[in-house]
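S.K.: My questions concern the predicted model and sequence given below.
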Amino acid sequence: MGMPVRIEEDLYISARDQAKAEHRTISGQIEFWAKVGRTALDNPDLPVDFIAASLISMAEPIDDAVPFVPLSKNK
């Protein structure tokens with residue numbers, strides 16, 4: 001269930017622009033930022049970029065996942 005929330009106009013504009021670039025809704029973008037922030041606070045030793053990439057990959061449908069293939073050391 002959605003709830004209206006007041007945010008500063010600058011944050012709204014940033015969320016709108018980022019949402020468009022990442023193919024999310026504005027509320028979806030703000031929710032994603034909140035999840036990244038909450039996870040970063042819970043895991044201060046992890047880089048934020050790693051956290052964001054992990055959350056994105058966890059939301060990816062399993063049928064769209066790309067299997068991990070380690071690089072050969074003999075190249």
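M.R.: Yes, it's here.
S.K.: Rounded mean pLDDT for stretch 22-40, please.
M.R.: Averaged over stretch 22-40, pLDDT sits at 95.
S.K.: buried sites along that stretch?
M.R.: Across stretch 22-40, burial judged by 16 or more other C-beta atoms under 10 Å covers 26, 29, 30, 32, 36, 39. Every C-beta, even on glycine, is put in place using the N, C-alpha and C of the backbone.
S.K.: The second one: helix or strand, and which one exactly?
M.R.: In other words, residue 29. Applying DSSP states H and E as the criterion places residue 29 in helix 26-42.
S.K.: Which other helices and strands does that helix contact?
M.R.: Helix 26-42 sits against helix 9-21, helix 48-59, with contacts defined as 3 or more C-beta pairs under 8 Å, 6 or more residues apart in numbering; DSSP states H and E.
S.K.: relative to helix 26-42, how tilted is the last one?
M.R.: Think helix 48-59. 120 degrees (axes from the mean of the first three to the mean of the last three C-alpha atoms, to 10 degrees).
S.K.: What of the longest one?
M.R.: Between the axes of helix 9-21 and helix 26-42, defined by the same axes, to 10 degrees, the angle is 100 degrees.
S.K.: In helix 9-21, which of the residues would be classed as buried?
M.R.: So for helix 9-21, counting by 16+ other C-beta under 10 Å, buried means 14, 15, 19.
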